[in-house]
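Asks: here is my input; please provide its structure:
(one chain, ligands or ions: 1)
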Amino acid sequence: MPLEPKTTPYWWDHTPPATIEPQPLPRQADAVVIGSGYTGLHAAIQIARGGRSVVILEKGVPGEGCSTRNGGQISTSIKPKLPTLTKRHGAETARAILAEGVASRAFVEDFVRTEGIACDFRNCGRFHAAASPRAYAELARIADGENITLVPRERQREELGTDAYHGGAVFHRHAALDPGHYHAGLLTKAREAGAVVLPETPATAIAESSGAVTITTPRGSIVTRDVVLATNAYTGPVAPWHRRRVIPIGSYIIATEPLDPALVKRLFPTGRIASDSRHVVYYYRVSPDGRSILFGGRTSAGEMGAKAGGARLREAMCALFPELSAARITHAWMGFVAYTFDELAHTGREGRIHYAMGYCGSGVGMASYLGMKAGLRVLGDPAGETALMRPEFPTRPLYRGDPWFLPAAVTTYRVLDKLGL
Ligand SMILES: Cc1cc2nc3c(=O)[nH]c(=O)nc-3n(C[C@H](O)[C@H](O)[C@H](O)COP(=O)(O)OP(=O)(O)OC[C@H]3O[C@@H](n4cnc5c(N)ncnc54)[C@H](O)[C@@H]3O)c2cc1C
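Replies: Numbering: from 1, shown residues only. Modelled structure (predicted):
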């Protein structure tokens, strides 16, 4: 009988969540960051290096949320296209928002190189596969022969060991890293800079008064001048204004056992990360050690457990890559990503609460970048400004943070995918 997959992330095998000696909750700090993912750690690094005291509250283990669970794919991150952004926000802001996508990806590369964070950062590019002829035509429209190059169906096997797609395009600027090592490196940098990290310490209430904020936790309360809310899809009742603006959606992912290197080479001849054009997207890659395939996506209208989700993902993976039918699945895990009603990440300040969230499933670059920006704004540094502060952070009437409409939306998208629309 095959062994059951682990439901902890593949990355946790080599980088288990850090154990931090219990420390008392300080009564006061210049700033408090809520959440210890990429957003929170990058904000804290800036604040601490700017000479302010900063405490990071984390309700679980360090990096409990998406930042140690993701696929490690780095894109240029902006989902709405230029015409949509121009219509909504005007030409200048639209271009500035797209430029922030490119800047976020460059920021991560610069940061890991300058700080010497060993996280297998690779400028590998992405093969984005067209799931329909229509999607291929759309890729042909945006291909520029330099940053985005087209791969017709007859040359698809040069990129990916499957015939299931209608060609695709290589996005040369996209990159990859090992999310476990990246998070561990950031945590070390934040602590070296002086940030106090308190795991198992949820913020349960935030009370603003003139010039100060009191944050309550089960271990007592802490008074601060500035708060950075870095809770993304895990934003709970403690921040109702923000919770009404993010839509938590489960993203599921599996890892295969180590495979024959010749098979890996046949399936991923160029070693690029990959994704496809479906509305309900699949994304996949080779593990940093070159031995396993990591395959992620969403497999059902409603949420399900990691194991059940993993079993369905395996079917989808084998449909694309029949050669993987005999491969054992060693890990099946999930986490919640945060969508927004306009498919943009948002950052800004509401009262004394700075925030950055809503990365719509592409946060390795953008969460890092907007966390850094939020940290700079706490310091009063104008370099913390970003075009992503300009659009209003939308919500919808009756939405309180429980996405009751999600199963219907996912079902509709699946139908569109089946029809190739
Ligand atoms: C399976 C999966 C695959 C993904 N793959 C990719 C990918 O390949 N590329 C990509 O770009 N993005 C990917 N993402 C998305 C990406 O991981 C996230 O966008 C990014 O990590 C968000 O970082 P964050 O710091 O904002 O949030 P998180 O890392 O989710 O951190 C939020 C933290 O806040 C804590 N928290 C919440 N409430 C409280 C409270 N009241 N008190 C204290 N702490 C609290 C949570 O415990 C959590 O640790 C993926 C996500 C998942 C789940």
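Asks: got a list of what the residue nearest the centre of the chain touches?
Replies: Per Cα atoms, centre = their mean, the C-alpha nearest to the average position across the chain is that of Gly363, at 3.0 Å. By Cβ atoms under 8 Å, 6 or more residues apart in numbering, the contact set of Gly363 is Tyr38, Thr39, Cys66, Ser67, Asn70, Asn232, Val337, Ala345. Just so you know, the C-beta spots here come from the backbone N, C-alpha and C atoms, and that holds for glycine as well.
Asks: so which of those wins on neighbours?
Replies: In terms of neighbours by other Cβ atoms under 10 Å, the contacts of Gly363 top out with Thr39 at 36 neighbours.
Asks: so what's that residue scoring on pLDDT?
Replies: With respect to pLDDT, Thr39 has a value of 98.
Asks: which element is it on?
Replies: With secondary structure defined by DSSP states H and E, Thr39 is part of helix 38-49.
Asks: can you list the strands that the next helix or strand after that helix pairs with?
Replies: Following helix 38-49 in sequence order, the next helix or strand is strand 54-57 (DSSP H and E). Using DSSP bridges, strand 54-57 pairs in its sheet with strand 28-34 (parallel), strand 196-198 (parallel).
Asks: strand 54-57: how far from the chain's middle?
Replies: Taking the mean of its C-alpha atoms, strand 54-57 sits 21 Å from the chain's own mean (Cα atoms, centre = their mean, to the nearest Å).
Asks: which residues are in contact with the very next helix or strand once past it?
Replies: Scanning forward in sequence from strand 54-57 by DSSP H and E, the next helix or strand is strand 73-74. By Cβ under 8 Å, 6+ apart, the surrounding residues in contact with strand 73-74 are 105, 108, 126, 174-177, 273, 275, 283, 285, 362, 364-365.
Asks: partner strands of strand 73-74 and their direction?
Replies: Looking at strand 73-74 with DSSP bridges, its partner strands are strand 175-176 (antiparallel).
Asks: what's the first helix or strand after the partner strand?
Replies: On the C-terminal side of strand 175-176, the closest following helix or strand by DSSP H and E is helix 179-192.
Asks: packing partners for that following helix?
Replies: Helix 179-192 is packed against helix 38-49, helix 91-115, strand 196-198, with contacts defined by 3 or more Cβ pairs under 8 Å, 6 or more residues apart in numbering; DSSP states H and E.
Asks: off-centre distance for it?
Replies: Distance, stretch centre to chain centre, for helix 179-192: 16 Å (Cα atoms, centre = their mean).
Asks: can you show me the strands along the stretch 101-250 of the chain?
Replies: In the stretch 101-250 of the chain, the segments counted as strands under DSSP state E, counting those that start in this stretch are 126-129, 148-151, 168-171, 175-176, 196-198, 205-209, 212-217, 220-229, 247-256.
Asks: what packs against the third one?
Replies: What it means is strand 168-171. Using 3+ Cβ pairs under 8 Å, 6+ apart as the contact criterion, the secondary-structure elements in contact with strand 168-171 are strand 126-129, helix 133-142, strand 148-151.
Asks: ok, which of the ones you listed comes nearest the ligand?
Replies: With respect to the ligand, and counting by Cβ to the nearest ligand atom, the nearest of the helices and strands packed on strand 168-171 is strand 126-129 at 10.1 Å.
Asks: what is the mean pLDDT for the closest one?
Replies: Confidence over strand 126-129 (mean pLDDT, whole number) is 97.
Asks: is the ligand contacted by that strand?
Replies: No. Against the ligand, strand 126-129 shows no contacts by Cβ under 6 Å from any ligand atom, the least distance being 10.1 Å.
Asks: wait, Gly384 sits on Arg377?
Replies: Yes. With contact defined as Cβ atoms under 8 Å, Gly384 and Arg377 form a contacting pair (3.5 Å).
Asks: for these two, indicate the residue with more neighbours.
Replies: Neighbours were tallied for Gly384 and for Arg377 using other Cβ under 10 Å; the higher tally belongs to Arg377 (24 against 20).
Asks: quick one: residues contacting that one.
Replies: Arg377 makes contact with Arg349, His354, Gly384, Glu385 under the criterion Cβ under 8 Å, 6+ apart.
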